[in-house]
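Asks: When you get a sec, could you give me coordinates for this:
(one chain, ligands or ions: 1)
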Amino acid sequence: MNDLIEKTHQAFFDYFAEKPSFLVRSPGRVNLLGEHTDYNGLPVLPMAIDHSIVIAGCARNDNQFHVVAHDFNDENVTFKLGVSIPKHPQGHWVNYVKAGIKGLLDKMERKDVRACKGCDLYMMGDIPYGSGLSSSSALVVASALCFLQANYIPFHRSPLAVWMAEAEYYVGTRGGGMDQATCLLGESDHLLKLDFFPLRATQIPWDPNYSVVICDSGVRAQKSENALQAYNFRSAECRLGKLLIDSFLKRSGQSFSWERLGDLLQKPHNYTYSDLDELARRSLKEVYSFDELISELGDKKAAVKILKDCSIGPASTYSKLEFSCGKRFRHIISDGWRVEQSRESLMNQDMKKFGECMLKGHQSARDDFAISCKELNDLVESAMESGSLGSRLTGAGFGGCTINLVPKKKVNNFVKKMESTYYRDRAASQDPRILITQPSNGAEILICSQFD
Ligand code: GLA
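Replies: Presented below is the predicted three-dimensional model:
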C-alpha cells in the first residue's frame with residue numbers, strides 16, 4: 001500500500017470507527033500534446049500521473065452517501081441517491097462526487113436506482129487543486145467507482161470513461177473526455193494516444209530516460225470559476241466555426257453531413273490534416289463580430305443556440321463579443337497534427353523532436369487559441385533556458401501548470417535552475433511547485449479484505 005492509501009484507510013477508521021471495505025485510487029493527468037482538440041474530435045496525448053485522489057469506503061444499508069473530505073477540513077456532506085440529486089452551490093467539492101454517481105444513475109432504470117446502496121466515504125488527495133492536473137475529473141471517476149463497487153456492478157473502462165465525461169456536465173463543464181479517459185485507461189510507462197467519437201486508446205511506450213516535470217504557475221484555474229467560462233467560450237467558438245465551414249461548403253455546392261472536425265478525417269470523408277487546414281483557411285476569417293457571424297451564417301437562431309448551450313450570456317452582451325474562429329481552428333488542426341507527429345517521434349525515440357513539438361504546441365495555444373497567460377509563458381521561457389527539451393502549458397490553460405520534458409539525469413539541475421529563476425521571487429505556496437512524474441497506472445479499486 002502506498003502512503004496516501006494507508007493514510008486514507010486509517011483516516012476512514014478514525015472517522016467512522018470501522019474498517020473500510022474498499023479503497024479507490026484515481027489519478028490526475030497531464031497532457032503532452034493536443035490541447036482543446038478532444039471536443040473537436042481530434043486526438044490527444046496524455047498520461048496519468050502518480051498523484052491521485054484516494055477514497056476509502058464501505059457500502060451502507062440505505063441509499064445515503066456520507067462523504068468526508070480530509071482536504072477540506074474534514075467537511076462532511078450527506079445526500080441521498082435518487083433520480084434527481086440536487087447540487088450544492090457552484091464550486092463545492094461534493095458536486096464532483098455527485099456528478100460521478102448521478103452520471104451512472106442516469107444510465108440505469110428508475111426501479112434500479114431506488115434499490116441502490118449508498119456508502120460511507122473518506123477522501124484524501126495529493127493532486128494540487130485547481131492547478132489544471134484534473135483533480136476534479138479524478139474525483140468524479142473515483143466516486144463512480146465507489147458506487148459501482150458498493151453495488152457490485154461490473155464495468156468496462158472505455159464506456160465508463162465516456163459516461164464520466166458526460167457526467168461532468170452536471171458541474172457545467174462541457175469538456176471533451178480526455179481527462180476521464182486518461183484517469184481510467186492510463187498505464188505506467190506509457191503515454192495514451194486517445195481518439196474520440198468513438199473513444200479509442202493506444203498505449204505508446206515512454207522512454208524511461210526522460211521525466212515529465214510539472215511546474216505550477218501558481219495561477220489557479222478553477223473549473224468552476226472564470227476558467228470554466230473561458231473554456232466554454234472556446235468550445236462555442238469551435239462550434240460556430242463548424243457552422244461557418246458548413247455554410248462555406250453549402251455555398252460552394254459541397255454540402256455533406258459531419259459534426260466535428262475529426263469526423264472529416266474518418267470514412268467516408270478521409271481528409272488529411274493538410275486538407276483540413278486548407279478547408280479552414282478557405283472558409284474562416286480570423287475574427288468575427290456577432291453581426292458578421294449572423295450575416296455569414298444567415299441563421300441567428302443556430303448561433304444563439306450554441307452560445308446558450310455553452311452558457312455564454314446574457315444575450316445583451318453578444319454584440320460586444322468577438323469570435324476568433326479562424327485562429328482557433330488553426331490551433332486545433334495543427335495541434336491534432338502535432339499529436340500524430342510526436343507519437344511518431346516517440347516510436348522513433350527522437351525525444352528532441354518530441355520536445356520541439358511540445359514547444360510549438362505552446363506557441364499555438366498561446367497565439368492562436370489564446371489560453372495562456374504571462375506566468376505560463378514565463379515558465380516556458382525559464383524551462384527552455386534551464387535544460388528542458390520541450391515545454392508547454394497543459395490542460396485547459398488560463399493558469400495551472402506547464403509540463404517539461406527533461407532527461408532524467410538533468411532533472412536535479414533543471415529543478416535548481418527553475419527555483420532560482422521563475423520561482424526565485426515568488427512566495428512559497430503550500431502546494432509543491434515542481435512535481436517530477438512518470439506515466440502511471442489508471443484508476444483502481446482495492447478490496448481491503450485482500451490486504452488486511
Ligand atoms: C480540460 C477538459 C478536457 C480538454 C482540456 C483541454 O481539461 O476537461 O476535455 O478539453 O481541458 O485540452
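Asks: Ser364: what's it in contact with?
Replies: By C-beta atoms under 8 Å, 6 or more residues apart in numbering, the residues touching Ser364 are 330-331, 334-335, 338. C-beta here means a position set from N, CA and C on the backbone, and glycine is covered the same way.
Asks: now the end-to-end length of stretch 98-113.
Replies: Stretch 98-113 has an end-to-end distance of 14 Å (C-alpha to C-alpha, to the nearest Å).
Asks: Ala396 - nearest residue in space that isn't next to it in sequence?
Replies: Nearest residue to Ala396, sequence neighbours excluded (C-beta to C-beta, 6 or more residues apart in numbering): Tyr231, at 5.1 Å.
Asks: What values do phi and psi take at the one you found?
Replies: Backbone torsions of Tyr231, given as degrees, to the nearest 10, read phi -60, psi -50.
Asks: do Ser235 as well
Replies: Per-residue torsions, Ser235: phi -60, psi -40 (degrees, to the nearest 10).
Asks: quick one, what contacts it?
Replies: Ser235 neighbours (C-beta under 8 Å, 6+ apart): 39, 174, 310.
Asks: What's the local residue count around the residue of the stretch 251-400 of the chain found nearest the ligand?
Replies: Distances between the stretch 251-400 of the chain and the ligand by C-beta to the nearest ligand atom are smallest at Ala396, namely 3.5 Å. Applying other C-beta atoms under 10 Å, we find 23 other residues in the vicinity of Ala396.
Asks: Could you look up the SS state of it?
Replies: Classification of Ala396 using DSSP: H, G, I helix; E, B strand; the rest coil returns coil.
Asks: if I read this right, it contacts Asn226, doesn't it?
Replies: No - using C-beta atoms under 8 Å, Ala396 is not in contact with Asn226; the gap is 11.3 Å.
Asks: biggest strand in this structure by residues?
Replies: Ranked by residue count and defined by DSSP state E, the top strand of the chain is strand 46-59.
Asks: now whatever helix or strand comes next after that one and strand 46-59, what's the angle there?
Replies: Using DSSP states H and E, the helix or strand that follows strand 46-59 in sequence is strand 64-69. Interaxial angle of strand 64-69 relative to strand 46-59 (axes from the mean of the first three to the mean of the last three C-alpha atoms, to 10 degrees): 130 degrees.
Asks: Could you pull up the residues touching the residue in the chain that the ligand sits nearest to?
Replies: For the chain, the residue closest to the ligand is Gly175, as judged by C-beta to the nearest ligand atom, at 2.9 Å. By C-beta under 8 Å, 6+ apart, the contact set of Gly175 is 38-39, 137, 165, 168, 231.
Asks: and it, helix, strand or coil?
Replies: On the basis of three-state DSSP, Gly175 is classed as coil.
Asks: Looking at it now. What's its pLDDT?
Replies: At Gly175 the predicted local distance difference test score is 84.
Asks: Now the phi/psi pair for it, please.
Replies: Dihedral pair for Gly175: phi -70, psi 180, per degrees, to the nearest 10.
Asks: still on that earlier bit, these two touch, right, the residue nearest to Ala396 and Gly399?
Replies: No - with contact taken as C-beta under 8 Å, Tyr231 and Gly399 are classed as non-touching, separated by 11.5 Å.
Asks: Beta-bridge partners for Leu194, please?
Replies: On the basis of DSSP bridges, Leu194 is bridged to Val44, Ala201.
Asks: and it, how many neighbours does it have?
Replies: With other C-beta under 10 Å as criterion, Leu194 counts 25.
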